[in-house]
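K.L.:
coordinates only, sequence not included:
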């Protein structure tokens, strides 16, 4: 059996190899030897444990082929048999290394019902948080000699920047997540002596990048986002503390529907100058239309809501929700109307919509932005600055955790009118004759 190791790990790579945390991320800057480290880690695990089942993923098939299939064929030699149809390397001890990709947002569901002791997500920031969350459901085992684990390599930027930064850099855990399960091993080109020696021009190329790209790619700075779609966004200017909204301000809602993906509902108010304040959000997963409608009604209380806009695809017939009980064939819009929340179809033009958002982020005549959000709208504030440029259309934003930004776009595309103080009802003067003659109004005296 011939196995070509192709070099020894540098200290950072060795630290990555030694990690047994449930989730280990490696990288940050470019040139840190991420792809080699990921391949070698999974191969060593396959060799070290009998019958281990591993999955190695890239976002696209061409990336998978160039970064892993071709190198592994060269490195493994006859140490593992490769089935090109299944894209699986099988080792003599019964371990297997499957190579896969998730080009489209729903490609991740091809792994539904499968079990993998180890999952490696190469260039993890190219994956959405929803894809990552689904893959964690496949990371399980019945073995007693091995705990399931996931490995990630990553650079700042792209659609997964937000969730990678939250978990591994900011270490801001949500329900069910434990900080001790997440380890981050930073690495840069300066740790990769082989690359520095063989290709010093690459270092000079990184050093000559524009400042934000240099901070991200050379130093692994997760606060410098090359490719950020809304560079206009500023927490200092666009996020404000809640205040009591005047009752005469027009209020409306906007919604981006999701079931497995998050469903986001935003509440907005418009002042007398046309400035829009987003003052409340509802951000939920795996809730039915009637449950979301109930939450909307409860949160709105006695507020007077002018309208609620939602994506036009909510008027498509989705099939039976409660088949046989009168719900068969109803659209989501009909289900919301049945639940007491009638919807209006939003203008879904993406490019024009994002430009509308940019326009509202700009300053008005008084020097303040024409759109601001209350700081309680946590998911909108978190995900809006994480939107990246689409690799296919530089005028558009890339897919990602864009549910709250989509809801904001629908709301601002509804062309909310300036609010005006409503005329108070005329008070009637006391008239001892009662209803026998018209009473004069104080307003007219």
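P.N.:
Yep, it's here. What you see is a predicted model, and the numbers here were worked out from it, not measured in a lab.

K.L.:
When you work out contacts or count neighbours from here on, use the C-alpha atoms and nothing else.
P.N.:
Will do.

K.L.:
which stretches of the chain have low pLDDT?
P.N.:
Counting by pLDDT under 70, the ranges of the chain that qualify are 1-7, 224-227, 318-329, 422-445.

K.L.:
Okay, domains of it per the record?
P.N.:
11-217, 235-412 (automatic domain parsing).

K.L.:
what's the closest of the ones you listed to residue 229?
P.N.:
Residue 229 lies closest to domain 235-412 among the domains of the chain, at 4.7 Å (C-alpha to C-alpha).

K.L.:
tell me, what residue is most central in the chain?
P.N.:
For the chain, the residue nearest the mean C-alpha position is residue 401 (2.1 Å; C-alpha atoms, centre = their mean).

K.L.:
for it, what are its contacts?
P.N.:
Taking C-alpha atoms under 8 Å, 6 or more residues apart in numbering as the criterion, residue 401 is in contact with 128, 129, 130, 159, 383, 387.

K.L.:
Next, format these as CSV and append secondary structure.
P.N.:
Listed next are the contacts of residue 401 as CSV, based on DSSP: H, G, I helix; E, B strand; the rest coil:
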residue, secondary structure
128, coil
129, helix
130, helix
159, coil
383, helix
387, coil
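
K.L.:
what two of the residues you listed are the furthest from one another?
P.N.:
130 and 387 (14.8 Å).

K.L.:
Between these two, tell me which one has more neighbours.
P.N.:
Counted by other C-alpha atoms under 10 Å, residue 130 and residue 387 do not tie: residue 387 has more neighbours, with 28 against 18.

K.L.:
what's the nearest residue to the more buried one if we skip its chain neighbours?
P.N.:
Leaving aside its sequence neighbours, residue 387 sits nearest to residue 229 (C-alpha to C-alpha, 6 or more residues apart in numbering; 5.4 Å).

K.L.:
surely that neighbour meets residue 391?
P.N.:
No. Checked against C-alpha atoms under 8 Å, the pair residue 229 and residue 391 is beyond contact range at 11.4 Å.

K.L.:
Name the nearest residue to residue 149, ignoring sequence neighbours.
P.N.:
Nearest residue to residue 149 in three dimensions, chain neighbours excluded: residue 22, at 4.3 Å (C-alpha to C-alpha, 6+ apart).

K.L.:
if I pick that neighbour, what's in contact with it?
P.N.:
With contact taken as C-alpha under 8 Å, 6+ apart, residue 22 is in contact with 147, 148, 149, 150, 181, 182.

K.L.:
Including distance to residue 280 and secondary structure, could those residues go into TSV?
P.N.:
As requested, these are exported to TSV (distance: C-alpha to C-alpha, whole Å; DSSP: H, G, I helix; E, B strand; the rest coil):
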residue	distance to residue 280	secondary structure
147	41	coil
148	39	coil
149	37	strand
150	35	strand
181	32	helix
182	31	strand
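
K.L.:
which among the residues you listed end up buried?
P.N.:
Neighbour counting with 16 or more other C-alpha atoms under 10 Å marks 148, 149, 150, 182 as buried within those.

K.L.:
Residue 306: what secondary structure?
P.N.:
Here residue 306 is strand, with the state taken from three-state DSSP.

K.L.:
Next secondary structure element downstream of the lengthiest helix in the chain?
P.N.:
Longest helix in the chain by number of residues (criterion: DSSP state H): helix 34-48. Moving toward the C-terminus from helix 34-48, the next helix or strand (DSSP states H and E) is strand 53-58.

K.L.:
ok, that next one: who's next to it in the sheet?
P.N.:
Counting by DSSP bridges, the strands paired with strand 53-58 are strand 96-101 (parallel), strand 118-121 (parallel).

K.L.:
Return the distance of the last one from the chain's centre.
P.N.:
The one in question is strand 118-121. Computed by C-alpha atoms, centre = their mean, to the nearest Å, the chain-centroid distance of strand 118-121 equals 20 Å.

K.L.:
what sits up against that strand?
P.N.:
With C-alpha under 8 Å, 6+ apart as the test, strand 118-121 has contacts from 38, 42, 53-58, 139, 148-153.

K.L.:
The residue nearest to residue 149 and residue 272: what is the separation?
P.N.:
To residue 272, residue 22 is 53 Å away according to C-alpha to C-alpha, to the nearest Å.

K.L.:
just checking, what packs against the one helix or strand residue 253 maps to?
P.N.:
Assigned by DSSP H and E, residue 253 belongs to strand 250-256. Packing partners of strand 250-256 (3 or more C-alpha pairs under 8 Å, 6 or more residues apart in numbering; DSSP states H and E): strand 263-270, strand 305-310, helix 403-412.

K.L.:
who does the helix or strand that comes right after the second one touch, helix- and strand-wise?
P.N.:
So the one you mean is strand 305-310. Using DSSP H and E, the helix or strand that directly follows strand 305-310 along the chain is helix 332-338. Packing partners of helix 332-338 (3+ C-alpha pairs under 8 Å, 6+ apart): helix 289-300.

K.L.:
between the helix it packs on and strand 263-270, how many degrees?
P.N.:
Here helix 289-300 points in a direction 30 degrees away from that of strand 263-270 (axes from the mean of the first three to the mean of the last three C-alpha atoms, to 10 degrees).

K.L.:
Who are the packing partners of helix 289-300?
P.N.:
Going by 3+ C-alpha pairs under 8 Å, 6+ apart, helix 289-300 lies up against helix 332-338.

K.L.:
Name the residues of the helix it packs on that come out as buried.
P.N.:
Result for helix 332-338 [16+ other C-alpha under 10 Å]: buried residues 332, 333, 334, 335, 336.

K.L.:
hang on, the fourth one packs against residue 288?
P.N.:
No. Under the criterion of C-alpha under 8 Å, residue 335 is not in contact with residue 288, lying 9.5 Å apart.

K.L.:
Please enumerate the shared neighbours of the two.
P.N.:
Counting by C-alpha under 8 Å, 6+ apart, nothing touches both residue 335 and residue 288.

K.L.:
Now do residue 234: how many residues are near it, please.
P.N.:
So residue 234, with other C-alpha under 10 Å, has 12 neighbours.

K.L.:
err, residue 339, not the other one
P.N.:
Close neighbours of residue 339, defined as other C-alpha under 10 Å, add up to 17.

K.L.:
which ones are touching it?
P.N.:
By C-alpha under 8 Å, 6+ apart, the residues touching residue 339 are 289, 290, 293, 294.

K.L.:
before we move on, the earlier item: pick the one among the contacts of strand 118-121 closest to residue 407.
P.N.:
Each of the contacts of strand 118-121 was scored against residue 407 by C-alpha to C-alpha, and residue 58 proved nearest at 29.6 Å.

K.L.:
Now do the contacts for the closest one.
P.N.:
The contact partners of residue 58, taken as C-alpha under 8 Å, 6+ apart, are 64, 100, 101, 102, 121, 122, 123.
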